[in-house]
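Visitor: any chance you could fold what I've pasted below:
(one chain, ligands or ions: 1)
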Amino acid sequence: MEPIPVIILSGFLGSGKTTLLLRLLQEATRRGLQPAVLMNELGTIDVDGRLVNATLQENQVMEKLLDGCICCSKKSEVVESIEKLLCKQPDVILVELTGVANPEEVVDMLTEPQVKEKVRFHKILTTLDSYYYLEYTSIFEVDRQLVRTVKRQVEVADIIIVNKTEDMKESHKTKLLKTLHKQNDRSPILFTTYSDIDLAPVFETISKREKTEAAKKSPFSIVKPAHKHTHANANMNEGSYSRVQTYTLPVNVPVQPKKVEKLLKSYHPQLLRAKGYLKTADKSGMQLMQYAAKRTEWEPVEDAEECYLVLIGIDLPVDEIRYKWNELSLKATSR
Ligand SMILES: Nc1nc2c(ncn2[C@@H]2O[C@H](COP(=O)(O)OP(=O)(O)OP(=O)(O)O)[C@@H](O)[C@H]2O)c(=O)[nH]1
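Guide: Take a look at the predicted model:
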């Protein structure tokens, strides 16, 4: 059997990786390919996985590693997840990393003895936020390791996708291009919104595979690992950054979007990302709330029942945030 190609999606928190993953899944399906997905999320709650679940077709399969970063998970667990996906003989494996992982580590894992004959590394796609990339690579000057990881994601990329370019000024584009060219002068740099790029070059050389009878018979399903990942085994190994904390806020009452947005923004830049499912006082039903780089999006969802908010950041004053969040909730109930 020819080795199965693996595409790695990297990019800082909130830069558009899951948006890209959803596009890749649609494109793979359009080409008659069967993709398999390995997702890695910081935090115990699987916000992005829910979005991807909704897009996965019956014949596609997903593995998720929650509550930790591939950088601090044991290699064996990642390799085990890849092996599970391989049982289904997909045509391509898509690996979405956390925003703070170094993609080279996954490339390295593909050379582990259990999988090295069965998979081949295909491409690294790196997304970034047009506006905040320059800020992120300087505001964390004190956290040199994080800056190094974010830059490394660009340096090793085969395609660099610059998202959130809606309001980008020409002068900013020139400055950003100059910086990116310095970090990587061999790969295309594509300016876009919502990871909307031509995906044909990504799927070049990937074709449908003949499946064995056993794989044809085995029904495709979504495979979720039972084990949890913690940062306890994170020993800050090569390149990846593992000091980022995640914190889940319980949500008991409908919220006012503007107040939530104001609270989240007030913790920029320590708060890197927030996402969750919230009921809003002004809109009916459940909303998926996504906050990244001071921008917030609300999108109605139907299949979510539990409300929660996941915060991802560095040195977050968690007690203070929880206090302010409770105050905000109390005000909402006393209205
Ligand atoms: N305005 C704008 N929003 C975007 C664009 N691309 C993605 N987004 C939004 O940015 C938020 C984060 O996008 P995701 O695709 O979840 O980013 P991610 O890199 O997977 O995020 P993490 O998994 O948390 O690291 C979502 O609300 C997206 O809809 C863009 O080009 N413009």
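Visitor: what comes up buried for the lengthiest strand in the chain?
Guide: As assigned by DSSP state E, the longest strand anywhere in the chain is strand 119-129. Buried positions in strand 119-129, judged by neighbour count with 16 or more other CB atoms under 10 Å: 119, 121, 122, 123, 124, 125, 126, 127, 128, 129. Any C-beta I mention is one placed from the backbone N, CA and C, and that applies to glycine too.
Visitor: partners of residue 92 in the sheet?
Guide: With DSSP bridges applied, residue 92 shows beta-bridge pairing to residue 35.
Visitor: and it, what does it touch?
Guide: 4, 5, 6, 7, 28, 33, 34, 35, 36, 122, 203, 206 (CB atoms under 8 Å, 6 or more residues apart in numbering).
Visitor: closest to the ligand out of the buried residues of strand 119-129?
Guide: residue 127 (6.0 Å; CB to the nearest ligand atom).
Visitor: what segments of the stretch 101-250 of the chain are strands?
Guide: 119-129, 159-163, 189-191, 245-250 (DSSP state E, counting those that start in this stretch).
Visitor: note down every partner strand of the longest one and its orientation.
Guide: Listed by DSSP bridges, the sheet partners of strand 119-129 and their directions read strand 4-11 (parallel), strand 159-163 (parallel).
Visitor: what's the average pLDDT for the shortest one?
Guide: What strand 159-163 shows for mean pLDDT is 98.
Visitor: is the ligand contacted by it?
Guide: Yes: using CB under 6 Å from any ligand atom, a contact is recorded between strand 159-163 and the ligand, made by residue 163.
Visitor: quick one: residues in contact with that strand.
Guide: For strand 159-163, using CB under 8 Å, 6+ apart, the contacting residues are 11, 15-16, 19-20, 123-130, 133, 154, 176, 180, 184, 187-195, 197, 201-202.
Visitor: report the buried members of those residues.
Guide: 11, 15-16, 19-20, 123-130, 133, 154, 176, 180, 184, 187, 189-192, 195, 197, 202.
Visitor: tell me the residues of the protein that contact the ligand?
Guide: So far as CB under 6 Å from any ligand atom goes, the chain lies against the ligand at 11, 13-19, 48, 99, 127, 163-164, 166, 193-194, 273, 290, 292, 295, 297.
Visitor: just to revisit the earlier point, weakest of the strands of the stretch 101-250 of the chain in terms of mean pLDDT?
Guide: Among the strands of the stretch 101-250 of the chain, strand 245-250 scores lowest, at a mean of 84.
Visitor: what packs against that strand?
Guide: strand 308-313, helix 318-333 (3 or more CB pairs under 8 Å, 6 or more residues apart in numbering; DSSP states H and E).
Visitor: one more time with 10 Å, if that's ok
Guide: Here strand 245-250 touches strand 271-279, strand 308-313, helix 318-333, going by 3 or more CB pairs under 10 Å, 6 or more residues apart in numbering; DSSP states H and E.
Visitor: neighbouring strands of it in the sheet, and parallel or not?
Guide: strand 308-313 (antiparallel).
Visitor: what angle separates the strand it pairs with from helix 318-333?
Guide: Strand 308-313 and helix 318-333 are oriented at 150 degrees to each other (axes from the mean of the first three to the mean of the last three CA atoms, to 10 degrees).
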